[in-house]
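Student: sharing a model prediction with you, sequence too.
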Amino acid sequence: MTSAWTNEAAIQQWDTTSTRESMEATAERGDFAKQHLVNPVLLRLLGDVRGRTVLDAGCGNGYFSRILAARGAEVTGVEPAGSLISFAREKSAEDISYLQADLAQLPELEPFDAVVCSMVLMAIPDWKPAMRACVEAVRPGGLFVFAIVHPAFEELFGTWREHGEYRRKEYLAEYEIASGHAADFHRPISAYLNEVAALGCRVREVVEPGLDPEVAKASGIESYVRMPNFLIVAAETGCPSGL
Ligand SMILES: C[S@@+](CC[C@H](N)C(=O)[O-])C[C@H]1O[C@@H](n2cnc3c(N)ncnc32)[C@H](O)[C@@H]1O
């Protein structure tokens, strides 16, 4: 766990910094990066969700829960920050269930066909119990899909803008990174992949999405074409060896 931080303190930051304006701006499809890099990969990895139960773990303003529900999934969203879950509830039809909880203290729920945890684990100081709860919420043989800011290319956009290339001084240690709303926490890629294996999952696919050059031309974001800002992992649960 990243010293000096508790989950409660991090959640509090999310709660107070999530303004109505910021939540509205991303209420339909998420921000630019989610629209072009994260959502298409998550949806492909999850496959046909019609009639399937899906837990959106750390659902924020609920935009992805609503996308999944529109595709026919039976969705439950979990979110601990009061401002975000109130917004998610307000924007969603009654067919989505929401639960306010820290993933590290998730109550027992009926097992889901899939759990998606998008851009959440790197925001949690005590993240291992949260990942465990996600895996335990999936039925055996179901899917656990998580997306994080790529631990090798955090702060890609700002660093590239400043230096015309990506620079990084430290990788192996665990440390805090200032982010728009609340702190993120850097851990090496191995920390996440070894934990998912230790929880008895078999990794099906790892994706490091790059931005379409045409989209990059229009948006002026060259760095995202050349380097991946996100790491997305699809894992199957209930594989005792983890291999
Ligand atoms: C970058 S946002 C991503 C939200 C959403 N999944 C999305 O893609 O828009 C990080 C989210 O993690 C949530 N979060 C922080 N700590 C958490 C915890 N301990 N358990 C569950 N969610 C947490 C925050 O409240 C916030 O909604």
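Tutor: Now that the structure is in, tell me what you want to look at.

Student: what helix or strand is the closest residue to the ligand within the chain located in?
Tutor: Using Cβ to the nearest ligand atom, the closest approach of the chain to the ligand is made by residue 60 at 2.8 Å. (Each C-beta comes from the backbone N, C-alpha and C, glycine too.) Secondary structure assignment for residue 60, by DSSP states H and E: no helix or strand.

Student: that one contacts residue 84, correct?
Tutor: Yes: with contact defined as Cβ atoms under 8 Å, residue 60 counts as touching residue 84 (5.2 Å).

Student: any shared contact partners between these two?
Tutor: residue 18 (Cβ atoms under 8 Å, 6 or more residues apart in numbering).

Student: ok, back up a step: the residue of the chain closest to the ligand: how many residues sit nearby?
Tutor: 25 (other Cβ atoms under 10 Å).

Student: just residue 28 next, same as before
Tutor: Neighbours of residue 28 using other Cβ under 10 Å come to 12.

Student: now swap in residue 174 and tell me
Tutor: The criterion is other Cβ under 10 Å. On that basis, residue 174 has 14 neighbouring residues.

Student: mind listing what it touches?
Tutor: Residue 174 sits in contact with 2, 185-187, 191, where contact means Cβ under 8 Å, 6+ apart.

Student: scan these and report the most crowded one.
Tutor: residue 185 (23 neighbours).

Student: so which strand or helix has it?
Tutor: Judged by DSSP H and E, residue 185 forms part of strand 184-186.

Student: how long is stretch 108-123 from one end to the other?
Tutor: 22 Å (Cα to Cα, to the nearest Å).

Student: hmm, I was thinking of stretch 199-211
Tutor: Terminal-residue distance, stretch 199-211 (Cα to Cα): 32 Å.

Student: would you mark the buried spots in it?
Tutor: Buried residues in stretch 199-211, counted by 16 or more other Cβ atoms under 10 Å: 199-203, 207, 209-211.

Student: how far does that stretch sit from the chain's center?
Tutor: 13 Å (Cα atoms, centre = their mean, to the nearest Å).

Student: what do you get for stretch 209-228?
Tutor: With Cα atoms, centre = their mean as the basis, stretch 209-228 stands 21 Å off its chain's centre.
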